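Asks: From the sequence below, what's the structure:
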Amino acid sequence: MFKALLLEKTDDAVTSRIAEIEDSALPEGDVLIDVSHSTLNYKDGLVLNGLGGLVRDYPHIPGVDLAGHVAESSHPDYEAGDVIVSTGWHVGERHWGGYAEKARLRGDWLVKLPEGLSARQAMAIGTAGFTSMLAVMALEEHGATPEGGPILVTGGAGGVGSVAIAVLAKLGYEVTASTGRASSHDYLKDLGAREIIERSLLSDGPNRPLDKAIWAGCIDAVGSTTLATAISQMKHGGAIAAVGLAGGNDLNTTVIPFLLRGVKLLGIDSVLCPKPRREAAWQRLASDLPLDKLEAMISTASLEELPGLGSDILKGQVKGRVVVELN
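Replies: Numbering: from 1, shown residues only. Down below sits the predicted model:
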């Protein structure tokens, strides 16, 4: 038996409770994991609140991310005792996830933790931080350099933004963070942001299709009018890594910045990202994310606290990274 946060659906309502589950109820997979830590992402907030149609079958154990030790394995790449991390592959949506003391997953979905990172630190990073690293790598591959000019990070106080700022600052970039939370300014400066701008300067929408050229690059977790504004303000040849839609999934813009300034819009998919790139991103996180800055982002939570936090993260009221402690 193991303890888990179990979601159940009756009529149109999704409810949650702490339950004792038999090991035999776990879904199919070739690696059994003793889960030590999980985390809270925006997508987890949607699942916990029954939104977005992400979960089709109930009862369900949510938790997009997990880290822990391999208990049993029939997969050739893993053996008992290996420390692994799992993000993406629709775990916590279509497959039972990390809000439980045990999980059974496919070994092809897993990554061995690189040296220098603990399971707790891996979950402080989680999908949010992993996505941030994919975005940084994409900007680098499309010409971004510390000498090229400022990089804009939208939703700066969130999980994606927090890790992105810390990584970019360590790499020598001039980072500007946007946020609507005045209370987070000191936090963002401690992470490495040189400048902080009010969220409304972007979220009100662009003044014109081609605005003043400000940003050499951008990591955008907001979408909608914020992304449209950033596109209009990119320097020639600049790239935007689009990673989220906290402000909406619409995008009302024109082709003018792409034609006249050569702006590049890069979509970042962390869910089905191929394993070699996953491994490269985790190696980069181990080397390029200041772990003291990571520690400053962390708050901890229990399984019992997750339903409330799931509502908070959808309202933009969760700062930094939440680590869920299990075994």
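Asks: Would you map out the domains in this protein?
Replies: The chain breaks down into these domains under automatic domain parsing: 2-112+294-325, 127-267.
Asks: and residue 120, which of the ones you listed is closest to it?
Replies: Nearest to residue 120, of all those, is domain 2-112+294-325, at 5.3 Å by C-beta to C-beta. No exception for glycine: its C-beta is placed from N, CA and C like everyone else's.
Asks: residues in contact with residue 278?
Replies: Shown in contact with residue 278 (C-beta atoms under 8 Å, 6 or more residues apart in numbering): 87-88, 111, 130.
Asks: which one of these is nearest residue 10?
Replies: Distances from residue 10 to these, taken by C-beta to C-beta, are shortest for residue 88, at 29.5 Å.
Asks: quick one: pLDDT of the closest one?
Replies: pLDDT, residue 88: 96.
Asks: Then residue 29?
Replies: 96.
Asks: before we move on, what about the one 4 residues further on?
Replies: At residue 33 the predicted local confidence, pLDDT, stands at 98.
Asks: Now for it, how many residues are close by?
Replies: By the measure other C-beta atoms under 10 Å, the count of residues near residue 33 is 28.
Asks: secondary structure class for it?
Replies: strand (DSSP: H, G, I helix; E, B strand; the rest coil).
Asks: gap between it and residue 5?
Replies: Here the criterion is C-beta to C-beta, to the nearest Å. By it, residue 33 lies 16 Å from residue 5.
Asks: which residues of the stretch 101-250 of the chain fall in helices?
Replies: In the stretch 101-250 of the chain, the segments counted as helices under DSSP state H, counting those that start in this stretch are 119-141, 159-170, 185-191, 200-203, 224-232.
Asks: can you give me the strands in the stretch 1-150 of the chain?
Replies: 2-10, 13-21, 31-39, 66-73, 83-86, 102-105, 110-112 (DSSP state E, counting those that start in this stretch).
Asks: JSON lines for those, including distance to residue 189?
Replies: Formatted as JSON lines, the strands of the stretch 1-150 of the chain follow (distance: least, C-beta to C-beta, whole Å):
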{"stretch": "strand 2-10", "distance to residue 189": "35"}
{"stretch": "strand 13-21", "distance to residue 189": "37"}
{"stretch": "strand 31-39", "distance to residue 189": "24"}
{"stretch": "strand 66-73", "distance to residue 189": "29"}
{"stretch": "strand 83-86", "distance to residue 189": "29"}
{"stretch": "strand 102-105", "distance to residue 189": "38"}
{"stretch": "strand 110-112", "distance to residue 189": "32"}
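Asks: For residue 287, which of the domains of the chain is the nearest?
Replies: Judging the domains of the chain by C-beta to C-beta, what sits closest to residue 287 is domain 127-267, at 9.5 Å.
Asks: Give me the helices and strands touching the one helix or strand in the chain whose mean pLDDT sits lowest, please.
Replies: Lowest on mean pLDDT, DSSP states H and E among the helices and strands of the chain sits helix 291-297, with a mean of 90. Here helix 291-297 touches helix 119-141, helix 159-170, helix 185-191, going by 3 or more C-beta pairs under 8 Å, 6 or more residues apart in numbering; DSSP states H and E.
Asks: between these, which gets nearest to residue 241?
Replies: Shortest distance between residue 241 and those, using C-beta to C-beta, is found for helix 119-141: 3.6 Å.
Asks: of the contacts of residue 278, buried ones?
Replies: Buried by 16 or more other C-beta atoms under 10 Å: 87-88, 111, 130, out of these.
Asks: For residue 174, state which of those residues is nearest.
Replies: Using C-beta to C-beta, the buried ones among the contacts of residue 278 come closest to residue 174 at residue 130, 23.8 Å.
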